[in-house]
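Please work out how this folds:
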Amino acid sequence: MKKILLINGANLNMLGVREPEKYGNKSLVDIENLVISRGKDLDVNVDVWQSNNEGEIVSKIQQAREIYDGILINAGGYTHTSVVIRDAIASVDIPVVEVHMTNTMAREEFRHTSLISGVCIATVAGFGEYSYILALDGLINYLN
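A predicted model of the protein is given here:
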């Protein structure tokens, strides 16, 4: 059975409360459960994890290399600022898919640059919570 790690970064623990007009009303737990359920449909084990701390995210990515077949990551605002998360992704030999609930290219200009997309196999954005499902489906297709 394939093992996938879903990493959610800074402020994603506030989903359902934070800017519902952009991110919807579902909580992070609701979205994680949606991804876990889809994983079961695909005969894939999905572990979920969230941190607001950049260094913890780096450590989790590094630890994942010996445990997981792939990573889904929504790094939140760290997407646009974190060279160290980018370097952590580049240092592990497993495929990573970048996920965003909103279309970052249709938002503020500073969100138009992703420091991590260049070391990910794909980016899925703009489909709300379904971005996660599309990313999982794509990652499993890639792995197969």
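
Return the helix or strand in the protein with minimum mean pLDDT.
The helix or strand of the chain with the poorest confidence is helix 20-23; it has a mean of 78 (mean pLDDT, DSSP states H and E).

Need the residues that contact that helix.
By Cβ atoms under 8 Å, 6 or more residues apart in numbering, the residues outside helix 20-23 that reach it are 15-16, 101-102, 128. All C-beta spots, glycine's among them, are computed from the backbone N, C-alpha and C.

How far off centre is it?
The chain centroid and the centroid of helix 20-23 are separated by 18 Å under Cα atoms, centre = their mean, to the nearest Å.

ok so, going back, which member of the contacts of helix 20-23 is positioned nearest Glu56?
Leu15 (18.5 Å; Cβ to Cβ).

Local confidence estimate at the closest residue in space to the closest one that isn't next to it in sequence?
Excluding the flanking residues, the one nearest Leu15 by Cβ to Cβ, 6 or more residues apart in numbering is Leu28, at 4.6 Å. Model confidence at Leu28, given as pLDDT, is 96.

one step back: the least confident helix or strand of the chain: which residues count as buried?
Buried residues in helix 20-23, counted by 16 or more other Cβ atoms under 10 Å: Tyr23.

Give the burial count for Gly55, as a bare number.
Per other Cβ atoms under 10 Å, the neighbour tally for Gly55 reads 11.

Which helix or strand contains it?
In this structure, Gly55 sits in helix 54-64 according to DSSP states H and E.

pull the CA atoms of stretch 82-98 into CSV?
Taking Å, rounded to 0.1, in the frame of the first residue of the first chain, the C-alpha atoms of stretch 82-98 are listed here in CSV:
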residue,chain,number,x,y,z
SER,A,82,10.7,29.9,2.1
VAL,A,83,14.0,28.9,0.4
VAL,A,84,14.5,26.3,3.2
ILE,A,85,11.3,24.5,2.4
ARG,A,86,12.2,24.5,-1.2
ASP,A,87,15.6,23.1,-0.4
ALA,A,88,14.1,20.4,1.9
ILE,A,89,11.8,19.3,-1.0
ALA,A,90,14.8,19.2,-3.4
SER,A,91,16.8,17.1,-0.9
VAL,A,92,14.3,14.2,-0.7
ASP,A,93,14.0,11.7,-3.5
ILE,A,94,10.3,11.5,-3.5
PRO,A,95,7.7,13.2,-5.6
VAL,A,96,5.9,16.3,-4.2
VAL,A,97,2.8,18.0,-5.4
GLU,A,98,2.2,21.7,-4.4
